[in-house]
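[1] Need the 3D shape of this:
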Amino acid sequence: MLANDAIDAVIIATPDHWHSRISIAAAKAGKHVYCEKGMTRTFDEAVDVYDAVKENGITFQLGHQNRQVEANEKARQIYKQGLLGPVNLVEIATNRNSPWGAWVWDIHPDGNKNTIDWDTFQEPSPNKVPFGEDALKRFFRWRCWFDYGTGLSGDLMSHDFDAVNQIMDLGIPKYASASGGIYFYKDGRDVPDIWHSTFEYPEKDLTLLYSASLSSSNARGNRIMGHDATMQMGGQSGGGSIHGFIVSADEYSTQYKDRLESGIINPSYPIYTYSPGSKQVDGVTSATSRYFAQKGLLYTYREGKRVDPTHLHVKDWLDSIRDGSQPRCNIDVAFHEAVACAMATESYQKGRRIEWDPKRRKLV
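    Below is the predicted model:
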């Protein structure tokens, strides 16, 4: 395929531990790349992919389709206008409560050593496992092991981190700390099912908190917490489930002090609400679909019509290839996400805080 000049671009939708090898090989062959998230399994792989894309001048798009969601663009406008005031704390969260949502996927009855090329599948992984019952679980439920993916970090946190990065231009954090454990799914996995990470941006006077549970569906949503107002995206409010976002003034706001005192603004009610079209979500069956529907990100709207952001994201990539522009989740912002996720994963595995050294491009 790489030698075929008729092929201009590839879409990589393999398990994460194959992403870097295919991305780099495609880039060196001059093929444009659309790669599903997480971008890579490890930090070193992220650096290698970044360099390969830059050196070969191909168009790279990471598969964060929520970059096309109108709600995120509206939220960015609110933030950039300063309506929230100084933001010092951001909270993002994942809540799931089903075996499917915890990656306990079906093991196909026809899966055996004759139908699965196990040696090829596990070849890039750091630990080799002989084919057997354990290998079958690893093949069909690969997200449960660090040998093939990054669990909650690259699979789920990456979406919300990228959304906040889209809204606030956070970039790579200076420090990351993570903790958690395998508290509910005692099935042999080594990625945690309860996991929390803290990202510090001292130059921005900002902390980003991520909290995740795979054993509770109590929706918390994401919050950008400013001195003057808070933006709640998804989750629950007094009126029920939020689709889109609401902005509520803080009762101790400096910016809105006069309007709060005069009663023009009531902190009990939102000062701005954005709802992306109909609140009725149909055809939502998978845990992943429910997860995004809960956050108001399953669909977006263009000229009043509901559209799938995944289609828009692929179109964005193809348009960029044709006109030489940069797609919305290009290699630069993809690298932000990849490094942040790798920092949190490494912190959990090593049991200590991880620091990003931008000059040496190293984690210390």
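[2] all contacts plus neighbour counts: C-alpha atoms, from now on.
    Fine.
[3] could you pull out the strands for the stretch 101-250 of the chain?
    Ranges of strands in the stretch 101-250 of the chain, per DSSP state E, counting those that start in this stretch, are 175-181, 194-201, 206-213, 222-226, 229-233, 236-237, 240-241, 245-249.
[4] Identify the residues contacting the third one?
    Same thing as strand 206-213. Contacts made with strand 206-213 from outside it, assessed by CA atoms under 8 Å, 6 or more residues apart in numbering, are listed as 87-97, 152, 157, 193-201.
[5] What of the second one?
    Identification of contacts with strand 194-201 by CA under 8 Å, 6+ apart yields 152, 173-183, 206-214, 344.
[6] E337 is in contact with D162, correct?
    Yes. D162 is within contact range of E337, at 6.3 Å (criterion: CA atoms under 8 Å).
[7] Which parts of the stretch 1-150 of the chain are helices?
    Counting by DSSP state H, counting those that start in this stretch, the segments of the stretch 1-150 of the chain that form helices are 19-28, 43-56, 70-80, 118-122, 133-140.
[8] Can you list the buried residues in the fourth one?
    Buried residues in helix 118-122, counted by 16 or more other CA atoms under 10 Å: W118, Q122.
[9] Counting by contacts, list what that helix packs against.
    Using 3 or more CA pairs under 8 Å, 6 or more residues apart in numbering; DSSP states H and E as the contact criterion, the elements in contact with helix 118-122 are helix 133-140.
[10] do the same with the first one
    Based on contacts counted as 3+ CA pairs under 8 Å, 6+ apart, the elements that helix 19-28 packs against are strand 9-12, strand 32-35, helix 43-56.
[11] one step back: so can I have a markdown table of the strands of the stretch 101-250 of the chain showing distance to C329 and mean pLDDT?
    Output for those, formatted as a markdown table (distance: least, CA to CA, whole Å; pLDDT from 0 to 100):
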| stretch | distance to C329 | mean pLDDT |
| --- | --- | --- |
| strand 175-181 | 22 | 98 |
| strand 194-201 | 21 | 98 |
| strand 206-213 | 20 | 98 |
| strand 222-226 | 20 | 97 |
| strand 229-233 | 20 | 96 |
| strand 236-237 | 28 | 61 |
| strand 240-241 | 28 | 54 |
| strand 245-249 | 22 | 94 |
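[12] now the ones you listed in JSON lines, with mean neighbour count?
    Rendered in JSON lines, the data for those read as follows (neighbours: other CA atoms under 10 Å):
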{"stretch": "strand 175-181", "mean neighbour count": "20"}
{"stretch": "strand 194-201", "mean neighbour count": "21"}
{"stretch": "strand 206-213", "mean neighbour count": "20"}
{"stretch": "strand 222-226", "mean neighbour count": "22"}
{"stretch": "strand 229-233", "mean neighbour count": "25"}
{"stretch": "strand 236-237", "mean neighbour count": "16"}
{"stretch": "strand 240-241", "mean neighbour count": "12"}
{"stretch": "strand 245-249", "mean neighbour count": "24"}
